[in-house]
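Asks: Sequence and predicted structure are below.
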Amino acid sequence: MSPQSDRFEIYVCAGSAGETVRVSTNGGAGPLWSPTGEKILLFTFNENRAKLWSAPLSTEPRLLLGAPRLLFTGNFLSGGDAGYSFEVSQDGQRFLMVHTNRETNRISEFIVVQRGREELRARVPAL
């Protein structure tokens, strides 16, 4: 909880005695480093809608944070005390998130498809 805003905020600190930079601007939750370490990802929540943000970050010559960029908005499950509610692929190009029903804020179905492209190619003939 930030004493400046009375809500949870995301900060990055360069080392144990380093400079501290605030990443979130209107509250934040579930921060996660991108696989390359060049960005930090975080959620903001407003009226049961989640927004996933990405902020570029560099540490050389000093800690510098770029402007956060909105990636997308939706009804996504919050990790809360349970931890992260999303994951990022190793190449940083894909996200795995749990989408919830807007009215109930509950998960109605959860399907994981492995090797989806191969299965789709086998079931759908080429045009």
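Replies: That came through fine. In this text the structure is predicted, and so the values were computed from the model without any measurement.

Asks: Now do the contacts for residue 13.
Replies: Applying Cβ atoms under 8 Å, 6 or more residues apart in numbering, we find residue 13 in contact with 19, 20, 21. In short, each C-beta sits where N, CA and C put it, glycine included.

Asks: so what's the backbone phi/psi at it?
Replies: phi -120, psi 130 (degrees, to the nearest 10).

Asks: Retrieve the pLDDT associated with it.
Replies: At residue 13, the predicted lDDT confidence score is 81.

Asks: Residues in a beta bridge with it, which ones?
Replies: Beta bridges link residue 13 to residue 20 when assigned by DSSP bridges.

Asks: just residue 46 next, same as before
Replies: Taking DSSP bridges as the rule, residue 46 bridges to residue 49.

Asks: From here on, call the first residue 56.
Replies: Understood, numbering begins at 56; the last thing we discussed is residue 101.

Asks: Burial check on it, number of neighbours?
Replies: As a burial measure, residue 101 scores 10 neighbours (other Cβ atoms under 10 Å).
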